[in-house]
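Participant: Sequence unavailable; structure follows:
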Ligand SMILES: Nc1nc2c([nH]c(=O)n2[C@H]2C[C@H](O)[C@@H](COP(=O)(O)OP(=O)(O)OP(=O)(O)O)O2)c(=O)[nH]1
């Protein structure tokens, strides 16, 4: 099975994280963290800065790696590097996504996350709980 290597940004502001809803494709309507496929020669951090500028017109600071998620979808294996990020400049303009929400610890389960994101959500919950 082919492997797709992806980066995802868990953008934090105060006690909230930013989630986006897919507007197209196989996973349309599912909730995820903004990001996308790495390109040849890029570091994960470089890929993430590029993707967030493309998708949200926003410049981010890439922080700590939360987890590298490995997940088997029917058509491919996903390897997804997930980082906490903060906004340097910009206003999170939705250029590709259907919708977006700022979620707190209490509302983390209120959206339908993509299958690969379930384990990641538990890790984020642990981190947010410690900070609360
Ligand atoms: N960005 C992102 N992708 C995720 C998450 N969870 C998850 O399973 N994915 C999957 C969905 C896609 O198959 C892949 C991301 O690739 P992508 O954003 O380039 O998606 P795409 O298939 O729409 O690609 P393309 O049309 O732009 O080439 O990773 C997540 O939290 N964030």
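Facilitator: Arrived safely, thanks for sending. No experiment lies behind these values; they were computed from the predicted model shown.

Participant: what's around residue 116, how many residues?
Facilitator: Per other Cβ atoms under 10 Å, the neighbour tally for residue 116 reads 21. For the C-beta atoms, the positions are set from N, CA and C on the backbone; glycine is no exception.

Participant: Once you drop chain neighbours, what's closest to it?
Facilitator: residue 71 (3.7 Å; Cβ to Cβ, 6 or more residues apart in numbering).

Participant: Next: residue 78.
Facilitator: residue 71 (4.6 Å).

Participant: any idea which helix or strand carries the one you found?
Facilitator: Using DSSP states H and E, residue 71 sits in strand 59-72.

Participant: partner strands of that strand, parallel or antiparallel?
Facilitator: Looking at strand 59-72 with DSSP bridges, its partner strands are strand 77-89 (antiparallel).

Participant: Near the ligand, which residues of the chain are found?
Facilitator: 4, 6, 8, 25, 27, 32-37, 78, 80, 114, 116-117 (Cβ under 6 Å from any ligand atom).

Participant: Point out the ones among the residues you listed that are inside strands.
Facilitator: 4, 6, 8, 32, 35, 36, 37, 78, 80 (DSSP state E).

Participant: quick one: residue 78 and residue 107, what's the gap?
Facilitator: Distance of residue 78 to residue 107, given as Cβ to Cβ, to the nearest Å: 25 Å.

Participant: All set, thanks.
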